[in-house]
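Undergrad: A predicted structure for the sequence below; I have some questions about it.
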Amino acid sequence: MQDGVNGVALGVFVFFFLAVTVMGFRAARWRKAENEHSLDEWGLGGRSFGTWITWFLLGGDVYTAYTFVAVPAAVYAAGAAGFFAVPYTILVYPLIFTFLPRLWSVSHKHGYVTTADFVRGRYGSKGLSLAVAFTGLLATMPYIALQLVGIQAVLDVMGVGGGETTHWFVKDLPLLIAFGVLAAYTYSSGLRAPAMIAFVKDALIYIVITVAIIYLPIKLGGFDEIFSKAGEAYAQTDPATGKPKGALVSDSGAQWTYATLALGSAMAMFMYPHSITATLSSRSRDVIRRNTTVMPLYTLMLGLLALLGFMAIAAGVKVRNGQLAIPQLFENMFPDWFAGVAFAAIGIGALVPAAIMSIAAANLFTRNIYKDFLKPDATPEQETKVSKLVSLLVKVGALAFVLTMDKTVAINFQLLGGIWILQTFPALMGGLFTRWFHRWALLAGWAVGMVYGTAAAYGVASPTQRHFGGSSAEIPGIGEIGYIGLTAFVLNVLVVVVLTFVLKAVKAPEGIDETSPEDYTADAEDVGASASTIKRRRR
C-alpha cells in the first residue's frame, strides 16, 4: 500500500475527474429539449440517443467500476471460477436481442419509463407493478454503494485520506467530494450527463486494458511465467478451509456452480432498472438491435481484464481485501502518471453507472410508487421534480451504506440483488411474448422466489462469515451446488405455471391489458404517427 500520497497519480486522477465534472454540467445544454420538465427528457435523455451514444451508455452502465475491480479480484482469489463473467456476457446478448426491441417498441408506444410501467399496463395490476419496482429499488441500492466502494479503493491505494487513525471526516472527505459532484451534475443534467461522460470512461478503460495486457506480461516475464506463479499460489493450502486456495482450471465438481452462475447472471443482467433505462433512451428499435451485435466487444475486454487477476499474483501483490488487488497492481507496476490514468478509468467507471442507477431508481419510485399510489394526478413537472430529489436521496443512502458498514456487507447485498432481480424475469419476459400467465400467479411466484432466494443465501457460510457467505448452495432434488438465484427462478416459474392453470380454471379476473400485438413491433415512425393521430383526435 502507498506510504503517503502518490502526487503524480493523484494529479492525473484529479485532472480527469475535473474534466468529466465539467462535461457532466455542460451535458444539460447538450441536445437541449424544448420541455426540460419531463421525465422522458431528464430520466431518458429525450429517448433520442443513436447507436454510438447508446453503445457507450450501455457499456458505461453494465461494465462498472465494480466489474473492473471485482472480476479480476475473483480470479486473484480463486482462479478460473472468476471467469464465469465471460460466458455470461456472451450468453446475454443473444438473449436481449430477442426481447429488448419488443420492450423498446411497447414502451415508446405507451410512454413507459420503467419495467414496472410495462408490467402494470400489460397485466392491469398495480400490485405486481409495485413488486417489480420494489425489487428494482432493493437490488439497485447496494449496486450504487459498490460503485462508491470502487472509488474508495482507488483513493486508498493512492494514499488519499490518511490511515486508519485519521479522523473519519478527513479520511472520507475525498469520497464525499466525489459524491457531491456526482449528485450535482446528475440532478442538473439527468441521463445526458452519464451519456456524455461514458465516452471518456470507455476510452480510458480500453486504453488501460490494452496497455496492461501488453506491458505487464513483458514486465512479469511472459504469460508462461504468470500462469506458473499463479498455479503455484493456487496449489497452496488455505488454512481456513484446508483446501487449495484456487485452481487455474476448475475441476468437474465446480461445473454446476459455474454453469448456473453464468446462466443466471445472464438472465438477470438486463432485468436491472439501469440497464432498461439506458435501453429506453435510444431513438429506435434498430438502435437496440445494432447494439446487441457490437456490445460483445466489451466481453472481449472483460476476458482480458480477468487475466489481471493472474498478473496480480505473479507481481506479488499482497492485500487483505481482494478488491484492492488490481488498483495495487497498477500502483506497483505502472509509472506513476499512467497509474493515475488507470485510477481515473476506475473512478470515472464508478461515476457513470452510479449516475444511471440513481436515475433508474428515482424513475421507479416516481412512476410506480409516487404516481401510482401517492399522487395519481401528478403533472410531468411534478414527476420530474420528485425524480430529481429521489435520485439525490438514493445516492445519500448509498453513501451512508458505504461509510457506516463493512464493505463485505455491500458485496453480500449486491450478490443478493442478483438473486432478487432475477425473480422479475417471468413477469417481464413472459409479458413481452404472451399474456397467458395470470397476474396473481406471477405475484405469488415472485414472492416464493424472493423468500427462497433470501433464505438460501442467508444459510451460506464462508470462512469469514456465518451468513450470506456466497451465492451458491445445494440444488434441491439434484444434490449439486448451483446458483441460488437460478434455483429460486425455477421455483418461481413452477409456482407461476401451476397457479395460472388453477386461477384460469376458477375464472379469476385477469386484469386489463392496455397493449396490443402490433405495439411490440412498432418503430419510431409508427409511434410518432400514433401520437399525432391521438393529438388530432383530442383537438
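TA: The structure has been received and is ready for your questions. From a predicted model like this one, the values you see are computed outputs, not experimental measurements.
Undergrad: Could you use CA atoms for every contact and neighbour count after this?
TA: Fine.
Undergrad: how about low-confidence regions in the stretch 351-500 of the chain?
TA: 405-411 (pLDDT under 70).
Undergrad: Show the residue spans covered by the strands in it.
TA: Along the stretch 351-500 of the chain, counting by DSSP state E, counting those that start in this stretch, strands occupy 472-474, 481-483.
Undergrad: Sheet partners, orientation included, of the first one?
TA: Using DSSP bridges, the strands paired with strand 472-474 in its sheet are strand 481-483 (antiparallel).
Undergrad: nearest to I421, of the strands of the stretch 351-500 of the chain?
TA: Nearest of those to I421, taken as CA to CA: strand 481-483 at 13.7 Å.
Undergrad: how distant is the closest one from the center of its chain?
TA: Centre-to-centre, strand 481-483 and its host chain are 22 Å apart (CA atoms, centre = their mean, to the nearest Å).
Undergrad: State the mean pLDDT of stretch 226-238.
TA: For stretch 226-238, mean pLDDT is 91.
Undergrad: what about dumping the CA coordinates of that stretch to PDB?
TA: Listed next in PDB are the C-alpha coordinates belonging to stretch 226-238 (Å, rounded to 0.1, in the frame of the first residue of the first chain):
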ATOM      1  CA  ILE A 226       2.400 -15.600 -15.000                       C
ATOM      2  CA  PHE A 227       0.400 -18.800 -15.200                       C
ATOM      3  CA  SER A 228       3.200 -20.800 -13.500                       C
ATOM      4  CA  LYS A 229       3.300 -18.500 -10.500                       C
ATOM      5  CA  ALA A 230      -0.500 -18.300 -10.300                       C
ATOM      6  CA  GLY A 231      -0.700 -22.100 -10.400                       C
ATOM      7  CA  GLU A 232       1.800 -22.400  -7.500                       C
ATOM      8  CA  ALA A 233      -0.100 -19.900  -5.500                       C
ATOM      9  CA  TYR A 234      -3.500 -21.600  -6.000                       C
ATOM     10  CA  ALA A 235      -2.000 -25.000  -5.100                       C
ATOM     11  CA  GLN A 236      -1.100 -23.800  -1.600                       C
ATOM     12  CA  THR A 237      -3.500 -24.900   1.200                       C
ATOM     13  CA  ASP A 238      -5.800 -22.300   2.600                       C
END
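Undergrad: That stretch: which residues count as buried?
TA: 226-227, 229-231, 233-234 (16 or more other CA atoms under 10 Å).
Undergrad: Okay, and which of those map to helices?
TA: Within the buried residues of stretch 226-238, residues falling in helices by DSSP state H are 226-227, 229-231, 233-234.
Undergrad: possible to save those residues as CSV with distance to V62?
TA: Putting these into CSV (distance: CA to CA, whole Å) gives the following:
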residue, distance to V62
I226, 29
F227, 29
K229, 32
A230, 29
G231, 31
A233, 31
Y234, 30
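Undergrad: one step back: out of the strands of the stretch 351-500 of the chain, which gets nearest to G190?
TA: Per CA to CA, nearest to G190 of those: strand 481-483, 35.5 Å.
Undergrad: List the buried residues in that closest one.
TA: Neighbour counts using 16+ other CA under 10 Å place 481-483 of strand 481-483 among the buried residues.
Undergrad: And for stretch 9-18?
TA: 9-10, 12-14, 16-17.
Undergrad: quick revisit: right, so of the strands of the stretch 351-500 of the chain, which gets closest to L297?
TA: strand 481-483 (26.3 Å).
Undergrad: List of residues touching the closest one?
TA: 254, 256-258, 260-261, 264, 471-475 (CA atoms under 8 Å, 6 or more residues apart in numbering).
Undergrad: could you redo the last one with a cut-off of 7 Å?
TA: Residues outside strand 481-483 that contact it (CA atoms under 7 Å, 6 or more residues apart in numbering): 256-257, 260-261, 471-475.
Undergrad: returning to what we had before: dump the buried residues of stretch 9-18 into CSV; add pLDDT as well.
TA: Converted to CSV, those look like this (pLDDT from 0 to 100):
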residue, pLDDT
A9, 91
L10, 89
V12, 93
F13, 92
V14, 91
F16, 92
F17, 91
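Undergrad: list the helices and strands the longest helix belonging to the chain packs on?
TA: Using DSSP H, we find that the single longest helix of the chain is helix 126-157. With contacts taken as 3 or more CA pairs under 7 Å, 6 or more residues apart in numbering; DSSP states H and E, helix 126-157 sits against helix 65-78, helix 115-123, helix 325-333, helix 336-365, helix 380-404, helix 407-422.
Undergrad: Quick check: the gap between the nearest residue to G11 once chain neighbours are set aside and G349.
TA: Closest residue in space to G11, ignoring its immediate chain neighbours: G340 at 7.3 Å, by CA to CA, 6 or more residues apart in numbering. As judged by CA to CA, to the nearest Å, G340 and G349 stand 14 Å apart.
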